[in-house]
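In: Prediction below, plus the sequence it came from.
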Amino acid sequence: MSDPRDGLTARRGALRLMAHVLRDGRMLDDGASGLEGAEAARALRLAGTVLRHMGRADALLKQRMARQPAARTRDILRLATVELMVLDAAPHGVVHDAVALTRSSPKTAKQAGLVNAVLRGLADARAEWDALPPPALPPWLRKPLAKAWGRDRLEAIEAAHLVPAPLDLTPKPGVTVPGAELLPTGSLRLPRGQVSALPGYETGDWWVQDAAAAIPARLLGDVAGLRVLDLCAAPGGKTMQLAAAGARVTALDLSEARMRRLAENLERTRLTADLVTADALDWTPEAPFDAVLLDAPCTATGTIRRHPDLPHLREARDVEALTELQYKLIDRALGFVVPGGRLVFCTCSLLPVEGEHQVTAALGRHPGLVAEPPDPAALGLPPETGSAHGLRLLPDLWPERGHMDGFYMAVLRTRA
C-alpha cells in the first residue's frame, strides 16, 4: 500500500523545480538534486507538465481571481490545475495537498482559503479548459517563426509542443526492440517508459536519440573506414551512430562532465571513439578528417516539446551570441576537412538565423564551398522537409506518429 504522503512529497518537489526554472532561471533537470528514484521522476514529470501547459492554466485561473496571489501560491494553483485538467488526478487528493502546501509556509498560509475556493470552482471547468488554445511561444521566438513559417505553421508547432515526446531509440544495425515502431527514418519509437528496463539496454544494442537528431549522421552515407570528427559531440548519440557504422571517430566537446557521460555511453554500447576534451576554436588536429559533423550550440528551440522549461529560460539576446559562435565554429570546422571532404552542419533550432542563414552565409564567404542538398525521400522524410541547401524539420511533422524535434541540417563539400 502506497504512503499517502508520497503525493505531497512529489508535489512539494515539483514546486521547488518550478521555482528553480521560473525564478532562478535554471534548467529543469538541474534542480532535481535532493530527489531520488520514483519521487524524483514524478516531481520532474509534474513540473514539466505544468511548464508545458502553464499558459492555459494561467488563463483559466485568471478568470477566477481578482488579483494575482504570491508567486508560490500561484505555482500551487498552476500545479493543481494541470493535475486536474491534464493528468486527471483525483480532485480530493489534489485539493487537499494544494491547501496543505499553501498552509506549510508563513508567506502563503493566509491564502489557503483562496486556494481551496479556486480549485473547488474548477469542477465544472473542463469544457472551458478544452477550448483554450495551446500556450503561445514567447514574443522573441514567436515573431521570427511567424515570419519564417507563417501563422498557421506557427500555431501547428505550438500545438505540437503540448504533445509529450515519445521515446526514440537509435539501434545498432539489425537490432529490433519488441513493441517498438520502426519509423521511416530508421529510428525505433516507443511510448515513454523506463529506459533501463527495455530489452537491449544492458547489452548496449541501442541508445536514446530523437528521430530528428539521428538524421544528420546519416547524411554522410557510408562512413566505414573514414576518419570522422564529431564536434560538440556530447552526450554522444551521433558519435555512437558513426562508430556503429564503421567510422574511425574522434569526438570532441568542451565539457568534461558531458564527455564523461559520452564515455559511459560508449562503454555501455561497446563502441569506440577517440575522445578529446577541448575548445574547438582553439584545438588543432594532427591531420585533417574525411568528414566533420558539427552539431553546433544553439537555442535548442527545436526541443521544446521535450524541454518545456526552455521558453522560460531563453531570451532574444541569447540568439546573437549563439549565432556568432556558430559562424566561428563553421569556419573552424571547414579547416579540419580534407580537400573535397564534407561538413555536416546542424542545429536543433527552429530559427532560420541558426540554420538556413548560417549555411547561406558560409557559402558566400568560402569560395569553392558547395551545398549538397539531401533527398528527403531517401531518408524517409516528407518532401516538404527539403529546404534551402539542406533539410528543415519542424515539430508539427508526423502528427500521426507523435511528432519530432525541430532541426536544420546541411551537407557542405569543400573544394577538391
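Out: Structure received. Residues are numbered from 1 along each chain as shown.

In: Return the set of buried residues in the strand ranked longest in the chain.
Out: Longest strand in the chain by number of residues (criterion: DSSP state E): strand 337-347. Residues V337, G341, R342, L343, V344, F345, C346, T347 are the ones in strand 337-347 that count as buried (16 or more other CB atoms under 10 Å). For every residue, glycine as well, the C-beta is placed using N, CA and C.

In: ok, now stretch 167-185?
Out: Buried positions in stretch 167-185, judged by neighbour count with 16+ other CB under 10 Å: L167, D168, L169, T170, P171, K172, V175, V177, A180, L183, T185.

In: ok, the longest strand of the chain: who's next to it in the sheet?
Out: strand 289-295 (parallel), strand 407-413 (antiparallel) (DSSP bridges).

In: Could you identify the helix or strand that succeeds that strand?
Out: helix 356-365 (DSSP states H and E).

In: That next one versus strand 407-413: what angle between them?
Out: Angle, helix 356-365 to strand 407-413, by axes from the mean of the first three to the mean of the last three CA atoms, to 10 degrees: 20 degrees.

In: any residues touching helix 356-365, and which ones?
Out: Residues outside helix 356-365 that contact it (CB atoms under 8 Å, 6 or more residues apart in numbering): 323, 326-327, 330-331, 334, 345, 347, 369-371, 387-390, 392, 408, 410, 412.

In: Just flag the most distant two among the buried residues of strand 337-347.
Out: Greatest spatial distance in these: G341 and T347, 20.6 Å, computed using CB to CB.

In: list the buried ones in the lengthiest helix in the chain?
Out: The helix spanning the most residues in the chain, taking DSSP state H as the definition, is helix 37-62. Within helix 37-62, the residues scored as buried using 16+ other CB under 10 Å are 39-40, 42-44, 46-57, 60-61.

In: can you check stretch 61-75 too?
Out: The neighbour-count check on stretch 61-75 (16+ other CB under 10 Å) flags L61, P69, R72, T73, R74, D75 as buried.

In: Ok, stretch 198-215 next?
Out: 198, 200-201, 204-207, 209-215.

In: what's the answer for stretch 378-390, then?
Out: So for stretch 378-390, counting by 16+ other CB under 10 Å, buried means L381, T385, G386, S387, H389, G390.

In: and the last one, what is it in contact with?
Out: G390 makes contacts with G355, E356, V359, A371, P373, P374, Y408, M409, A410, V411, as judged by CB under 8 Å, 6+ apart.

In: Pairing partners for the last one in the sheet, please.
Out: Each beta-bridge partner of V411 is listed here: V344, as defined by DSSP bridges.

In: The fourth one too?
Out: Beta-bridge pairing for A371 (DSSP bridges): L412.
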